[in-house]
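1. Sequence first, predicted model second:
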There are 2 protein chains.
Amino acid sequence: MEEQNTNMPDKPKGSAEIILDAAREEFAEFGLEGARVDHIAARANINKAMIYYHFGSKEKLYQAVIDDHVGRIAAFAANQNFDAENPAVIIEKIAEYMNRMFAERRSFVPIFLREIASGGDRLRDSFTRLIRESGITARFRSLIAYGQATGQFRDISAEHAVASFIGMNVFYQIAAPVFNRVWEIHDEEKFRSERPKVVADLFLHGLLK
Amino acid sequence: MEEQNTNMPDKPKGSAEIILDAAREEFAEFGLEGARVDHIAARANINKAMIYYHFGSKEKLYQAVIDDHVGRIAAFAANQNFDAENPAVIIEKIAEYMNRMFAERRSFVPIFLREIASGGDRLRDSFTRLIRESGITARFRSLIAYGQATGQFRDISAEHAVASFIGMNVFYQIAAPVFNRVWEIHDEEKFRSERPKVVADLFLHGLLK
DNA sequence: ATCTCCTAACTAACCATTTAGTTCAACTAT
DNA sequence: ATAGTTGAACTAAATGGTTAGTTAGGAGAT
């Protein structure tokens, strides 16, 4: 029986959500081991015991942050429409989707990196489900198969193609702080916004005969 | 005044080096915050105080591990010969170089990821120097410029091209544990060894008119 | 006798987790 | 209405295990 108080401009956040917001930032900045429960409490302006009351342990809070991230990314993916006649259009749509996904959930990037660094155990399952359900893998496979059947595309394994395509899209999002310095990119936002089109174009031409 | 005892089959490692070996593994597995100095001492079969005797602090030991990694990668890069007439050959050589670099220093991958996750501060300088000195950036820029001047290549910014090329090469090396599961790659070593050729081919065709 | 390499045993601080108790709003029986 | 009951949300202050870093000293070579 949830009531919407129409006087409230923003719905008031419960303390669990406030904690989650604080934890998201703390974990993104310092990682699971580097994060301090006291800091999260301080950020959230809340008593430390409340964290244990709501989440049970530091580890469980961390998992809750990850689940929340993956859930939102999944919701975002579900809203996406990758249907199109033209392979070029689909490829560009997917590139744009990845770009926006990272742009909108930047605090997920460091968590993602550190998780992969420690073997990916905490992500493998939820991430696999997320990607399967989004239908991107299927879409991609049929895209390549169709292109090859119609003789437009060269003979390239779908798996290698995706690994390359994802890498092209994702690498800069991840490595920007170092890449910018090495390659003297001064206007990061501009470069970032140019990427999807350039990547889609390069990839498509790479596939074509 | 380093002496080489010719009787010894393998040159005996000094304790500093033994510590460094142990630290490399511990830090790769758990990161700076997650690593335990006592574990490093145990791995090295050495008293904990020796670590402080030789390295001063956990943080300095960590930095020593990074410097050692970057130094060896730099040495490896210096041995590489990227000279070739044919753009296709150069591209493939660079792809193969990246592949081997990651294969031979896999314990650097998690360290690299976690460093980038925390802003890249500890890497930016040494890494920039490494890449500059290896001459790869210059080689790449002139490669693209030459290809465009001779009319073989389409008009693509060198920076975007590299970001894409590195991403294609590096992504799988990094994300294999999750990627394999999502895309059902069962023979990781095979897939890994196929990558450089496939990547170089895809990239080259992407550039060509 | 002094320098290098090494050890066992310590300590001080840190930090996740617990505990014991408080507040307050909603519900219930009188 | 009112006193009593409950349970969820909350707090201040421990507790105690862990962990980076220290110390005081010993063996062996030069």
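-> The structure has been received and is ready for your questions.

2. Am I right that residue A:158 is in contact with residue A:138?
-> No - Residue A:158 is beyond contact range of residue A:138, at 10.7 Å (criterion: C-beta atoms under 8 Å). The way it works is simple: take the backbone N, C-alpha and C, and place the C-beta from them, glycine included.

3. Would you mind telling me which of those two has the busier surroundings?
-> Ranked by neighbour count (other C-beta atoms under 10 Å in any protein chain shown), residue A:158 and residue A:138 place residue A:158 first, with 16 against 10.

4. which one is residue A:35 nearest to, not counting chain neighbours?
-> Ranked by C-beta to C-beta, 6 or more residues apart in numbering or on different chains and with sequence neighbours excluded, the top spatial neighbour of residue A:35 is residue A:26, at 4.6 Å.

5. Next: residue A:167.
-> Nearest to residue A:167 is residue B:171, by C-beta to C-beta, 6+ apart, at 2.8 Å.

6. Can you pull the poorly scored residue ranges out of chain A?
-> Along chain A, segments meeting pLDDT under 70 span A:1-12.

7. Show me it divided up by domain.
-> In terms of domains, chain A is parsed into A:13-56, A:65-207 (source: automatic domain parsing).

8. now the angle from the longest helix seen in chain A to helix B:158-182?
-> Longest helix of chain A, by residue count under DSSP state H: helix A:158-182. Relative orientation of helix A:158-182 versus helix B:158-182 (axes from the mean of the first three to the mean of the last three C-alpha atoms, to 10 degrees): 140 degrees.

9. Output the contacting helices and strands for helix A:158-182.
-> Helix A:158-182 sits against helix A:87-104, helix A:108-117, helix A:136-149, helix A:188-207, helix B:108-117, helix B:121-134, helix B:158-182, helix B:188-207, with contacts defined as 3 or more C-beta pairs under 8 Å, 6 or more residues apart in numbering or on different chains; DSSP states H and E.

10. quick one: residue A:82 and residue A:91 touch, right?
-> No - with contact defined as C-beta under 8 Å, residue A:82 does not reach residue A:91; the gap is 9.8 Å.

11. the more surrounded of the two?
-> With neighbours defined as other C-beta under 10 Å, residue A:82 and residue A:91 compare such that residue A:91 has more, 23 against 17.

12. quick one, what contacts that one?
-> Residue A:91 sits next to A:143, A:165, A:200, A:203, A:204 when contact means C-beta atoms under 8 Å, 6 or more residues apart in numbering or on different chains.

13. What of residue A:31?
-> A:110, A:111, A:114, B:31, B:33, B:114, B:117, B:118.

14. May I ask which two of those are separated the most?
-> A:111 and B:33 (14.3 Å; C-beta to C-beta).

15. When those two are compared, which one has more neighbours?
-> Between residue A:111 and residue B:33, counted using other C-beta under 10 Å, residue A:111 has the larger neighbour count: 23 against 15.

16. Count the neighbours of residue A:27 for me.
-> Neighbours around residue A:27, by other C-beta under 10 Å: 23.

17. How about residue A:139?
-> Neighbour count for residue A:139, taken as other C-beta under 10 Å: 16.

18. thinking again about what came up before, can you redo the helices and strands packed on helix A:158-182 as TSV with distance to DNA strand C?
-> Converted to TSV, the helices and strands packed on helix A:158-182 look like this (distance: least, C-beta to the nearest atom of the strand, whole Å):
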stretch	distance to DNA strand C
helix A:87-104	28
helix A:108-117	15
helix A:136-149	36
helix A:188-207	32
helix B:108-117	17
helix B:121-134	19
helix B:158-182	25
helix B:188-207	34
